[in-house]
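Visitor: predicted model follows, preceded by the sequence.
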Amino acid sequence: MSEGIRKTWGRVLAGTRAQARRDGGRSDGGRVEGERRRPERKRPHNLFEAAAVYVSGCAEDDQDRIDEAAGWVSPEALSFGVNELACRAVIALARERGESPRTVARELLGLPPA
C-alpha cells in the first residue's frame, strides 16, 4: 500500500516540477499580473497533419521536422497518411495537366511512359 502512495506522490511531484520549469520557476504560474489563466488545450496531431509535415520535411531535407512528425503518430498511421497525400497530389497534378494519374505518377518518379 505504501509503495502505491509513494509512486503516486512521485508523479505529483514530477508534474509540479515540470510545471515550474514551464513557468520559469515563478510561483504565480508564469502569469503576468492581471493576466487571466487560460486552460491549455493540447490537441493530438492527426495522421494527415503528421503526413503533411513529414513529406514537406522530406522535400526540404529537414531531418528535425521529419523526426518530429514521425513521433506524432504510429508508423502505420504515418504510412497511411503519406500514401493518402501522394494519391491526392497525383490526382491534383493530373487534373491540372489534363493527364492521367498514371502518367503523372510515372513522370514524377522519372519512369518511362507506360
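Guide: Great, that's in hand. Numbering: from 1, shown residues only.

Visitor: avg pLDDT for the longest helix along the chain?
Guide: Longest helix in the chain, counting residues (DSSP state H): helix 75-97. Across helix 75-97, pLDDT averages out at 97.

Visitor: show me the contact partners of it.
Guide: Contacts of helix 75-97 with the rest of the structure, by C-beta atoms under 8 Å, 6 or more residues apart in numbering, involve 47-48, 50-52, 54-55, 69-70, 72-73, 100-101, 103-105, 108. No exception for glycine: its C-beta is placed from N, CA and C like everyone else's.

Visitor: of the residues you listed, buried ones?
Guide: Neighbour counting with 16 or more other C-beta atoms under 10 Å marks 47-48, 50-51, 54-55, 69, 72-73, 104-105 as buried within the contacts of helix 75-97.

Visitor: pick out the most distant pair among these.
Guide: Farthest-apart pair in the buried ones among the contacts of helix 75-97 is 72 and 104; separation 28.7 Å (C-beta to C-beta).

Visitor: and for residue 57, the neighbour number?
Guide: Per other C-beta atoms under 10 Å, the neighbour tally for residue 57 reads 18.

Visitor: contacting residues around it?
Guide: Residue 57 is in contact with 63-66, 68-69, counting by C-beta under 8 Å, 6+ apart.
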